[in-house]
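**Student:** Got a sequence here, can you model it:
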Amino acid sequence: MAERGLPWYLFGAQAAIVWGSPRLSADVDITATIELANVDSFIETMRRHGFDATFSDPDFVERTRVLVFVHRSTHMPLDVVLAGPGLEEDFLRRAIFVDVDGTRIPVISPEDLIIAKIMAGRSKDIEDARSVIHERRGSLDGERIRTFLGLLEQALGQSDLLPVFEKAWAEAKSPLKKARRKETPN
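**Tutor:** Next up, the predicted model:
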């Protein structure tokens, strides 16, 4: 990314781990600002740096805006989402640089990660959001999350995003809930 001067950020399960979710993941997800016209040269740059494209069909990339790679030496999958206007640009602007084993990487902010995880709605995403809220509740901008989720509900014609957040927020606030959570075997 640095070689090409591309703005990017880490999101997904790896970002959840950075912000406090105790879970494992078998892949890495990033979002990067890459124009469709530059995809082929980006794939070549990634190849030179030890990543092989596992699926780069131009129709698939244009439709899904995802490039799928695997790191040659570790076999770790890497999904590169091509940033689009709006939400992803907003997330990119607020990404926070974090030191990971001596390398500074941009990571989606914890608030934006919670928003993205609640939007995704899968059980593992909701659990990631709960874990991040539990770990970072004292430093999170809860009002920004509420405002953003409320706007998304209006835009999408939904009413199920804010209740998920409010429940997780209340559970993180309650000492009784925290104590029970610690006692529950995995």
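**Student:** average pLDDT for stretch 70-90?
**Tutor:** Here stretch 70-90 scores 93 as its mean pLDDT.
**Student:** those strands in the chain, which residues are they?
**Tutor:** For the chain, the strands defined by DSSP state E occupy 8-11, 28-32, 51-55, 66-71, 77-82, 96-100, 103-107.
**Student:** Let me know which of those strands is the nearest to Ile126.
**Tutor:** When the strands of the chain are compared for distance to Ile126 using CB to CB, the nearest one is strand 8-11, at 15.7 Å. The C-beta positions use only the backbone N, C-alpha and C, and glycine is treated the same way.
**Student:** Alpha carbons only: can I get that closest one in CSV?
**Tutor:** Only the C-alpha atoms of strand 8-11 are listed here, as CSV (Å, rounded to 0.1, in the frame of the first residue of the first chain):
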residue,chain,number,x,y,z
TRP,A,8,-6.4,1.9,3.3
TYR,A,9,-7.5,0.5,6.6
LEU,A,10,-7.8,-2.9,8.4
PHE,A,11,-11.4,-4.0,9.3
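**Student:** helices or strands next to that strand in the packing?
**Tutor:** Packing contacts for strand 8-11, counted by 3 or more CB pairs under 8 Å, 6 or more residues apart in numbering; DSSP states H and E, involve strand 28-32, helix 87-93, strand 103-107.
**Student:** Measure how far the second one is from the centre of its chain, please.
**Tutor:** How far helix 87-93 lies from its chain's middle: 11 Å, per CA atoms, centre = their mean, to the nearest Å.
**Student:** Give me the buried positions along that helix.
**Tutor:** With burial defined by 16 or more other CB atoms under 10 Å, the residues of helix 87-93 counted as buried are 87-88, 91-92.
**Student:** Just the closest of those to Thr147, please.
**Tutor:** Nearest to Thr147 out of the buried residues of helix 87-93 is Leu87 (CB to CB; 13.8 Å).
**Student:** How about Val100, nearest residue that isn't a chain neighbour?
**Tutor:** Once its chain neighbours are removed from consideration, Val100 has its nearest residue in Val18; the separation is 7.3 Å (CB to CB, 6 or more residues apart in numbering).
**Student:** which stretch in the strands of the chain has the least confidence?
**Tutor:** strand 51-55 (a mean of 91).
**Student:** got the angle between that strand and strand 77-82?
**Tutor:** 70 degrees (axes from the mean of the first three to the mean of the last three CA atoms, to 10 degrees).
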